[in-house]
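Visitor: Next one to model:
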Amino acid sequence: MGGISAIGAAHVAMGSVALVSGAVVLMVPKGTARHKHVGRVYAAAILAINGTALSMYDLTGRPNVLHVIALVNLATLAMGLLALRRWRRTREPDDLVTHQRRMAMNYVGLWMAFVTELLVNPMLGISRISDPRSHWPLMIALNLALFGAGGWLVRTRLTATTVRA
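Guide: Numbers count the residues shown, from 1 in each chain. Sure, this is the predicted structure:
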């Protein structure tokens with residue numbers, strides 16, 4: 001292997017920023033200046049990650065399932081940000097809950113992408129599976145488990161409708 005490209009390096013760097021900033025956003029009190037600032041960092045990192053993901057074709061040489069996942073991730077980001085914009089205008093609690101849930105599911109999607117990257121990117125040196133018949137079922141099973149656990153956490157633990165204005 002020749003090493004990681006500049007796009008790949010940016011992808012990994014922004015992925016790291018998003019994983020850390022997303023965790024911080026989930027942990028700090030909602031509506032605070034810190035939440036808003038770190039949330040902006042997270043959103044920018046997600047845009048950068050998906051931009052680089054959509055420009056990479058190393059795995060198959062053409063668009064593939066990872067590109068579809070990037071588009072879904074961008075859609076959840078857009079839905080979360082639009083719900084926040086609506087909440088700022090209307091102060092409707094359901095819009096705030098929608099913002100929280102879409103952004104949290106976007107973070108779940110980031111973790112799914114991270115696991116997928118670890119499993120399919122041979123440059124990271126973690127996955128040496130060469131037989132796709134055993135590789136893809138493992139990747140799918142892990143991602144379904146992450147989606148299920150993340151979705152459950154979001155539905156059962158993320159229901160706050162009050163934040164500082």
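
Visitor: top helix in the chain by residue count?
Guide: helix 93-120 (DSSP state H).

Visitor: any idea how far that one is from the chain center?
Guide: Centroid separation for helix 93-120 versus its chain: 5 Å, with CA atoms, centre = their mean, to the nearest Å.

Visitor: List the residues that contact the most centrally placed residue in the chain.
Guide: By CA atoms, centre = their mean, the chain has its centre lying nearest to residue 110, at 2.4 Å. Counting by CB atoms under 8 Å, 6 or more residues apart in numbering, residue 110 touches 15, 18-19, 22, 46, 49, 73. Placement of C-beta: from N, CA and C, glycine included.

Visitor: helix, strand or coil for residue 61?
Guide: coil (DSSP: H, G, I helix; E, B strand; the rest coil).

Visitor: Buried ones in the longest helix of the chain, by neighbour count?
Guide: 95-114, 116-117, 119-120 (16 or more other CB atoms under 10 Å).

Visitor: secondary structure element for residue 43?
Guide: Element membership for residue 43, per DSSP states H and E: helix 33-54.
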